[in-house]
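[1] What follows is a predicted protein model with its sequence.
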Amino acid sequence: MSAELTLADIKAQWNEVLDLLMERDRVIWLLFFDARLASYEDGELTLDFTDATKFSGEHDFKSARRPEQFEFLQHAINQVLGISPKIREV
């Protein structure tokens, strides 16, 4: 895949990334499945987990996400898209 991917390119294949996470570990999949892909600029992918309409109460998994889980996500992204972005969450 081209080194000049756009956010739309990543979104188009995001389900494949999530499928790899599901195969690896359902808990890791759960930690990232509701992320909104907010931006991709200068090799940094921003994941937005805010969605006020999704649940009536708190559903913040931020404290449950660990660096090694982000490594699994980066590995899945690399397998599907051929890139290794820095991942930032908001």
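    Cool, the structure landed. Numbers count the residues shown, from 1 in each chain.

[2] Now do the spatially most central residue of the chain against residue 24, distance only.
    Among the residues of the chain, the one closest to the centroid is residue 32, at 5.5 Å (C-alpha atoms, centre = their mean). Per C-beta to C-beta, to the nearest Å, residue 32 is found 11 Å from residue 24. From N, CA and C alone the C-beta is placed, and that goes for glycine too.

[3] same thing with residue 71?
    With the distance defined as C-beta to C-beta, residue 71 ends up 11 Å from residue 24.

[4] Quick one: distance of the helix of greatest length in the chain to the chain centre.
    With residue count as the measure and DSSP state H as the assignment, the chain has helix 7-24 as its longest helix. Relative to its parent chain, helix 7-24 has a centroid offset of 8 Å by C-alpha atoms, centre = their mean, to the nearest Å.

[5] next one: stretch 83-90
    On C-alpha atoms, centre = their mean, the centre of stretch 83-90 falls 8 Å from that of its chain.
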